[in-house]
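Q: Give me a 3D structure for the following:
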Amino acid sequence: MPGQDWQAVLAPPSMRELRERLRVLAARYEELHLLGGAMIRRFRGAYPDAPIYLVKYASRSLSEYRWRRRSGPHWGGEERRRGNVTIDLTTPQGQALLERFPLGVRQDWLQWEGWRVELNLALSICTYERYRMRDYVERKRRMREIQDEWTGRPK
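A: The predicted structure is shown next:
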């Protein structure tokens, strides 16, 4: 059994505090997605014919906003046969793509990449904290149910 300082060191939150934190995180999550949607629209407005564009992936990868390569016939090449695939601008393939453009465009796109990475970091931290808190609340609920069954307490 843990020592007596267990509660003091961990300071587990109350259920009320957890519910409030989950509410705050849900609002933050929505705010970040609004920001992401605006980022996508602004990039497409600034670079409507770019060979890449920003998209939001509905996945649990904790990296929701990604670059996607266009697959239109005017972009041609090997990429077209594979369809539109994601691309990371910091990889050799991403750098090769950037090299096709003037320095000013490359610098601007790297700034967009920085915003995308920062947004994904904020979203992944928010999402992971929500996952962990929800799991904690559910486990505590199940532990109470088990204890109530053992003691014969009504639900």
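Q: which helices and strands does the top helix by length along the chain pack with?
A: In the chain, taking DSSP state H as the definition, the longest helix is helix 103-151. Judged by 3 or more C-beta pairs under 8 Å, 6 or more residues apart in numbering; DSSP states H and E, the packing partners of helix 103-151 are helix 15-46, strand 65-69, helix 92-98. For the C-beta atoms, the positions are set from N, CA and C on the backbone; glycine is no exception.
Q: Can I get the ones you listed in CSV including distance to residue 59, mean pLDDT and mean neighbour count?
A: Below are those laid out as CSV (distance: least, C-beta to C-beta, whole Å; pLDDT from 0 to 100; neighbours: other C-beta atoms under 10 Å):
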stretch, distance to residue 59, mean pLDDT, mean neighbour count
helix 15-46, 14, 96, 13
strand 65-69, 9, 94, 20
helix 92-98, 20, 94, 14
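Q: between the ones you listed, which gets nearest to residue 114?
A: For residue 114, the closest of those is helix 15-46, at 11.3 Å, according to C-beta to C-beta.
Q: and the next element down the chain from the closest one?
A: Per DSSP states H and E, the first helix or strand lying C-terminal to helix 15-46 is strand 52-56.
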